[in-house]
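Peer 1: Generate a structure from the sequence data that follows.
(chains A and B)
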Amino acid sequence: MNDLPEGWGSYDPNDHDRSDQPSYQVARAAAASRAERRRAAYGEALAALRRARAFTQVTVAEQLGVAQGEVSRIEHQGDLLLSTLARYVDGMDGSLSLLVRFGDGETMELSLMLDSLTERSSAATVVPDPLTAIRLAGYIGRYDAQEEKFLAAPAA
Amino acid sequence: MPLLPPELAHPLQDQDERAAARHRLSERDSTLQAIEALARRPASAWTSHERAAFPGSTNGVVEPPEQRLSRWASLFAEELTEIHRVAAVSRPLSDLELREALYLAGRLLSTVTGLPINDVDGFRLPTPPH
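Peer 2: Predicted structure coming up:
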């Protein structure tokens, strides 16, 4: 959807200041209003989901180990991180999936399990000690030959 | 550059799996140390249960377990030392180090016990008599 007034789709580098024009003011107000409606609808959808599962903000907060205000904030936040949304859903004993519809009609489900969103990202990635990793790889690489020696020795 | 089994490069799933892998490495290391200790004992000090816990032949050739273990400990001394060193480090190990060390420890146990590598964690040395 586009709130730009007619003719504003093209950019004119010589027309630097159009913000005073009434059509701009109207378009800007319409965009702000739509963003606010979207934000409200988003929060409403989350709250409706929670109520449909007979959870209160307090019970979800208890499940997540956060204050009730945090759950309220999530429901009123305009733009959630997927990990926050997954965590919110996890508080209701659910798991989050996204349905992605492509232009060619293909639909794919994107599973966003809390573990993969939070555990994996929060796990401090330990960088291998290069000497240890290389030394172990060397021993593994020569293991078959060593084992062959071991198996052959009693017959020798 | 040696070719490694491709699964060694796969990251572990989460912290639980890392903790389990570290624990398993510690267990395998303990078992290896116990086997090395047994290999150092004179044949006369072995119990029949200890003898029965290990193969009595190698590649179809009869070989007393005491001799077999002694040869194993000697031939794989460097690998065993490396496993003990890695298992003892206090810092967190990377997924690659954990997988490599677990694999190497598994191969060592498999060779000495004659068990498939996937079964080595079930191996227990007989409890020594009091």
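Peer 1: looking at it, A:V60 is touching A:V71, isn't it?
Peer 2: Yes - at 5.0 Å, A:V60 counts as touching A:V71 under the criterion of C-beta atoms under 8 Å. (C-beta placed from N, C-alpha, C; glycine too.)
Peer 1: Share the number of residues neighbouring residue 26, please.
Peer 2: In the absence of a named chain, chain A is used. Residue neighbour count, defined by other C-beta atoms under 10 Å in any protein chain shown, stands at 12 for A:V26.
Peer 1: please go with chain B instead
Peer 2: So B:S26, with other C-beta under 10 Å, has 13 neighbours.
Peer 1: Find the residues that touch each one of A:V60 and A:V71.
Peer 2: A:88, A:91 (C-beta atoms under 8 Å, 6 or more residues apart in numbering or on different chains).
Peer 1: So which elements touch the longest helix along chain B?
Peer 2: The helix spanning the most residues in chain B, taking DSSP state H as the definition, is helix B:15-40. Helix B:15-40 is packed against helix B:65-75, helix B:77-88, helix B:95-113, with contacts defined by 3 or more C-beta pairs under 8 Å, 6 or more residues apart in numbering or on different chains; DSSP states H and E.
Peer 1: May I see these arranged in a markdown table, with mean neighbour count, distance to A:R142 and mean pLDDT as well?
Peer 2: Listed next are those as a markdown table, based on neighbours: other C-beta atoms under 10 Å in any protein chain shown; distance: least, C-beta to C-beta, whole Å; pLDDT from 0 to 100:
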| stretch | mean neighbour count | distance to A:R142 | mean pLDDT |
| --- | --- | --- | --- |
| helix B:65-75 | 18 | 12 | 96 |
| helix B:77-88 | 17 | 9 | 96 |
| helix B:95-113 | 23 | 11 | 96 |
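Peer 1: which one of the ones you listed lies closest to chain A?
Peer 2: helix B:95-113 (3.8 Å; C-beta to the nearest C-beta).
Peer 1: Which other helices and strands does the closest one contact?
Peer 2: helix A:130-141, helix A:143-152, helix B:15-40, helix B:65-75, helix B:77-88.
Peer 1: wait, what's in contact with B:P116?
Peer 2: B:S110.
Peer 1: same thing but at 10 Å, please
Peer 2: Counting by C-beta atoms under 10 Å, 6 or more residues apart in numbering or on different chains, B:P116 touches B:106, B:110.
Peer 1: same check, this time on the one 4 residues further on
Peer 2: Under the criterion of C-beta under 10 Å, 6+ apart, the neighbours of B:V120 are B:28, B:31, B:105-113.
Peer 1: Of the helices and strands packed on helix B:15-40, which is nearest A:R87?
Peer 2: With C-beta to C-beta as the criterion, A:R87 lies closest to helix B:95-113 of the helices and strands packed on helix B:15-40, at 24.4 Å.
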